[in-house]
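*Asks:* here's my sequence, what's the structure:
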Amino acid sequence: MSKRQRLWILVLTTIAVAAFNTLATAEENAVTIQWVQHYGHARRISGESQRPVLLFLTTESCIHCLRMEHGTFQDSRVAATILDSFVPARLKLNEESALARDLNVTVYPTTVMIAPDGRILDYVRGYVDTEVLRERMAIAIHKDNTIAAKVN
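*Replies:* Here you go, the predicted structure:
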């Protein structure tokens, strides 16, 4: 093996080790959302904790739902905001679902932010990226805090 080949192997090995360490660190620092799987339970927790529900409504085989689950919701800033400020709930529904009908869901995914008192703070219809969801969550949190401040 030539000196040049050994150098390339060393460089590639160093890059591979650095990439592995970066991924391992990212996984250790990843924030995992523990989704509530029942709407009534999420509302109960919301009332007790005085945090709004972030309700992610999805269906089977929904490509854009998967994009949000594996993209938008994996962002550490999005996940941290959800865990700090919301009760996260994820439900798989179908078009016949009474909850979908009651919440006027016509597109999947739909993300609904619901105040502890049951008021709808925001509807986010369809796929949205990290930045859009962060903006919408901030607005919903502000709406909820503004109304709570007026009541107190």
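
*Asks:* domain parsing for the protein?
*Replies:* Domain assignment of the chain by automatic domain parsing yields the ranges 1-30, 32-151.

*Asks:* can you show me the strands along the protein?
*Replies:* Taking DSSP state E to define them, one finds strands in the chain at 53-58, 87-92, 110-114, 120-125.

*Asks:* okay, the ones you listed, which one's buried deepest?
*Replies:* strand 53-58 (a mean of 24; mean count of other CB atoms under 10 Å). Glycine gets a C-beta too; all of them are placed from N, C-alpha and C.

*Asks:* so what angle separates the directions of that one and strand 110-114?
*Replies:* Counting by axes from the mean of the first three to the mean of the last three CA atoms, to 10 degrees, strand 53-58 lies at 160 degrees to strand 110-114.

*Asks:* could you give the angle of strand 53-58 to strand 120-125?
*Replies:* Going by the same axes, to 10 degrees, strand 53-58 makes 20 degrees with strand 120-125.

*Asks:* how deep is the closest residue to residue 97 other than its chain neighbours tucked in, by neighbour count?
*Replies:* The shortest distance from residue 97 to any non-neighbouring residue, by CB to CB, 6 or more residues apart in numbering, is to residue 105 (7.9 Å). When neighbours are defined as other CB atoms under 10 Å, residue 105 has 20 of them.

*Asks:* could you check how far residue 105 is from residue 49?
*Replies:* 25 Å (CB to CB, to the nearest Å).

*Asks:* residues in contact with the most centrally placed residue in the chain?
*Replies:* Using CA atoms, centre = their mean, the residue of the chain that lies closest to the mean C-alpha position is residue 73, 3.3 Å off. With contact taken as CB atoms under 8 Å, 6 or more residues apart in numbering, residue 73 is in contact with 33, 56, 79, 82.
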